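[1] here's my sequence, what's the structure:
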Amino acid sequence: MARVLVPLADGFEEIEAVTVVDVLRRGGVEVVTASIGSAEVRGAHGLSVKADALFADVSGGEFDAIVLPGGGEGTENLRNFAPLFERLRVQKEQGRLLCAICAAPIVLIDAGVADSNLHMTCYPSMMMDLDRPYTNVPVVADGDLITGQGPGSATLFALVVLKALVGDAVANKIARNMVTDVLDE
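    Numbering: from 1, shown residues only. All right, here's what the predicted structure looks like:
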């Protein structure tokens, strides 16, 4: 079974985090949400969630993917959390999937794990912070890197991550069950 780590920081974008967790779990993926602070994490729009674990307690584990939700404040909090950078570097060294949506792709760049030859997308106002050409599409999958634009692309982003982890058949089945045909295009 594929295993995914979703680090959460106060100010995270709720739609992006919850959609990723929900879609991946529907697809049979083990998802571990890990708070970089206290067990209860406050979202950008007032939704609080209880993380499955604290980051320090699970960061040494094996994960097939790490998925970073965005949100302005949440991204800044992730950017200022040095242990995450080290974990992202280990993930890259292992050749495992790195994923980020909205403002969070900048965390991958800051951590030095997003090769400059890989294409990325992000929240449009963050495009000036990318050290590469900005790709203005909802989701970009390039090598071991998957990035998404923002809340409106959260379902597609989650389905693309699911497809990378478990394959076309499962991802398409989950998409159909969710009454979306975004992967069939």
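
[2] now do the helices in the protein.
    Ranges of helices in the chain, per DSSP state H, are 14-26, 55-58, 72-79, 82-93, 105-110, 154-166, 168-177.

[3] which one of these lies nearest to residue 48?
    In terms of CB to CB, the element of the helices of the chain nearest to residue 48 is helix 14-26, at 9.6 Å. For the C-beta atoms, the positions are set from N, CA and C on the backbone; glycine is no exception.

[4] what helices or strands is the closest one leaning on?
    strand 3-8, strand 30-35, strand 48-50, helix 154-166, helix 168-177 (3 or more CB pairs under 8 Å, 6 or more residues apart in numbering; DSSP states H and E).

[5] what separation do you get for the residue nearest the centre of the chain and residue 181?
    In the chain, the centroid-proximal residue (CA atoms, centre = their mean) is residue 67; its distance is 2.6 Å. Applying CB to CB, to the nearest Å, the value for residue 67 to residue 181 is 23 Å.

[6] and stretch 67-87, how far apart are its ends?
    Stretch 67-87 has its terminal residues 12 Å apart, counting by CA to CA, to the nearest Å.

[7] contacting residues for the residue nearest to the centre of the chain?
    4-6, 20, 24, 99-101, 161 (CB atoms under 8 Å, 6 or more residues apart in numbering).

[8] setting aside sequence neighbours, what's the nearest residue to residue 171?
    residue 163 (3.7 Å; CB to CB, 6 or more residues apart in numbering).

[9] any idea how many residues pack against that neighbour?
    By other CB atoms under 10 Å, the residues close to residue 163 number 20.

[10] my guess is it contacts residue 174, does it?
    No. Residue 163 lies out of contact with residue 174 (CB atoms under 8 Å); the separation is 9.3 Å.

[11] not counting sequence-adjacent ones, nearest residue to the residue nearest to the centre of the chain?
    Looking at residue 67 with CB to CB, 6+ apart, the closest residue is residue 99, at 4.3 Å.

[12] can you check residue 126 too?
    Residue 126's closest residue in space is residue 103 (CB to CB, 6+ apart), at 5.0 Å.

[13] adding mean pLDDT and distance to residue 137, write the helices of the chain out as a markdown table.
    Converted to a markdown table, these look like this (pLDDT from 0 to 100; distance: least, CB to CB, whole Å):
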| stretch | mean pLDDT | distance to residue 137 |
| --- | --- | --- |
| helix 14-26 | 98 | 17 |
| helix 55-58 | 98 | 31 |
| helix 72-79 | 97 | 20 |
| helix 82-93 | 98 | 23 |
| helix 105-110 | 96 | 13 |
| helix 154-166 | 98 | 10 |
| helix 168-177 | 95 | 18 |
